[in-house]
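[1] here is my input; please provide its structure:
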Amino acid sequence: MITGPAVDFGIAALAASLGEATDLSATHDNGDLAALTKLGYRTYRRAAPETQATHLAADAVRLAMRRADLQPGDIDYLIVASSALPEYLKWDLSTAVAHRAGLTDVPSLLLTQTCASAVLAFQQAAGVFATRGDTETVLLVAVNRVSEHHIDRMAGNVESDGAVAVVLRRGHPSMRWLATEQVTDASWSDFFRLEYGGSAEPVPPPGRTNRDVDPQLRVFEHFRGRPEAFRSFVRAVDTTVASAVDGAFRRAGVDRHRLSRLIYLNDNRPSVEIAAKAVGISLEATNLDLIAEYGHCGCVDPLLGLSVYLDRGELRAGDVVAVAGLAQGMHWFCTLIEM
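    Numbering: from 1, shown residues only. Down below sits the predicted model:
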């Protein structure tokens, strides 16, 4: 395996555009509230009904450009990573964001690999830098906007709305990309899907919607009568991320002991605890403290954590930070950033 960064680039600026902070107690009955509070949630971010993923992403893009003192003509490439349902079918969110942000002549790429989209986007950015020698600045924006017509945002994890934009500059001396790694098990590809609205089942049966279908049920049905196989799956869900972290360090050619922080998905507290133990890092060095305040914002979580800890001054030069998680598909992923 070739080790070390294939190209040299780093993060020059980050900016977030989030929904309004909303207290769980204002939206749920006491029974649901008790269960969600036990999972570690207190507040979440909810966008106004008229605010779509396009608006959140474009707002984050504009703010990141201002922080980096960039004009539209300074952006060479735009990558949009989304874990949201599309606003329209046969429609490109990346060009919609570019148009709204005033980047109408910038080539763009859309990644929709659910919660993996933003972290895996770093290796796509590396490919852009490697194959387009005149590219100096890539703008990456991750967005999640819950469609409550399709999904109950309080089922399981508490889902939030928001976007984070990241300015990536060739040769930037800090917050350098080191490597990205991905582990996939395609045998579980159908788990957690939404049943209706796609070309296979475009219209639900009369009287039913996606909100009537429990995505977890497919998992239970798959393992019916095989309790040990189910237990193995549950263990793998939260522990395989360690393989992605290890793989990223091997690709980077960096000592694994340099890991200073794991910024995981803002999953529930038990999931983060299991992931931290598997990776071999203390809970204090994870994003556990962000769960209660921000909720789970899909693919945005790792970049949001990076932005928050940077603004707080909790990341020091030389730290190696792993932004990582898991996603439907099933995928486990990790990108290493050297501060």
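
[2] what about the helices in the stretch 51-200 of the chain?
    Taking DSSP state H, counting those that start in this stretch as the test, the helices found in the stretch 51-200 of the chain are 53-67, 93-100, 117-131.

[3] where does residue 231 fall, phi/psi-wise?
    With angles defined as degrees, to the nearest 10, residue 231 sits at phi -60, psi -40.

[4] now do it against residue 237, distance only.
    From residue 231 over to residue 237 the distance is 11 Å, taken as CB to CB, to the nearest Å. In short, each C-beta sits where N, CA and C put it, glycine included.

[5] if we can go back for a sec, highest average neighbour count across the helices of the stretch 51-200 of the chain?
    With neighbours taken as mean count of other CB atoms under 10 Å, the helices of the stretch 51-200 of the chain reach their highest mean count in helix 53-67, at a mean of 23.

[6] helices or strands next to it in the packing?
    If contacts are counted by 3 or more CB pairs under 8 Å, 6 or more residues apart in numbering; DSSP states H and E, helix 53-67 sits against strand 9-18, strand 77-82, helix 93-100, strand 137-144, strand 162-170.

[7] among the helices of the stretch 51-200 of the chain, which is nearest residue 140?
    Residue 140 sits nearest to helix 117-131 of all the helices of the stretch 51-200 of the chain, at 5.3 Å, using CB to CB.

[8] now the angle from that closest one to strand 162-170?
    20 degrees (axes from the mean of the first three to the mean of the last three CA atoms, to 10 degrees).

[9] quote the end-to-end distance of stretch 193-204.
    Distance between the two ends of stretch 193-204: 14 Å, counting by CA to CA, to the nearest Å.

[10] possible to save the helices and strands packed on helix 53-67 as CSV with distance to residue 220?
    Formatted as CSV, the helices and strands packed on helix 53-67 follow (distance: least, CB to CB, whole Å):
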stretch, distance to residue 220
strand 9-18, 34
strand 77-82, 28
helix 93-100, 33
strand 137-144, 26
strand 162-170, 31
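
[11] just to revisit the earlier point, residue 231 and residue 237 - which one has more neighbours?
    Taking other CB atoms under 10 Å, residue 231 and residue 237 do not tie; residue 237 has more neighbours (19 against 11).

[12] pretty sure that one contacts residue 326?
    Yes. Between residue 237 and residue 326 a contact is recorded at 6.5 Å, counting by CB atoms under 8 Å.

[13] so who does residue 292 touch?
    Residues in contact with residue 292 (CB atoms under 8 Å, 6 or more residues apart in numbering) are 40-43.

[14] buried stuff in the helix or strand where it lies?
    Counting by DSSP states H and E, the element that carries residue 292 is helix 288-294. Applying a neighbour-count criterion of 16 or more other CB atoms under 10 Å, the buried positions in helix 288-294 are 288, 290-292, 294.

[15] got TSV for those residues, with distance to residue 174 too?
    Formatted as TSV, these follow (distance: CB to CB, whole Å):
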residue	distance to residue 174
288	25
290	22
291	27
292	29
294	25
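
[16] and stretch 91-107, what's its mean pLDDT?
    For stretch 91-107, mean pLDDT is 97.

[17] thinking again about what came up before, looking at the helices and strands packed on helix 53-67, spot the one closest to residue 257.
    Taking CB to CB, strand 9-18 is the member of these nearest to residue 257, at 22.2 Å.

[18] what's whichever helix or strand comes after that closest one in contact with?
    Downstream of strand 9-18, the next assigned helix or strand under DSSP H and E is strand 20-23. With CB under 8 Å, 6+ apart as the test, strand 20-23 has contacts from 42-48, 293.

[19] centre of the chain to stretch 141-157, how far?
    What separates the centre of stretch 141-157 from the centre of its chain is 13 Å, taken as CA atoms, centre = their mean, to the nearest Å.

[20] now do that stretch, average pLDDT.
    pLDDT averaged over stretch 141-157 gives 90.

[21] list the buried residues in it.
    By 16+ other CB under 10 Å, the buried positions in stretch 141-157 come out as 141-147, 151, 153-154, 156-157.
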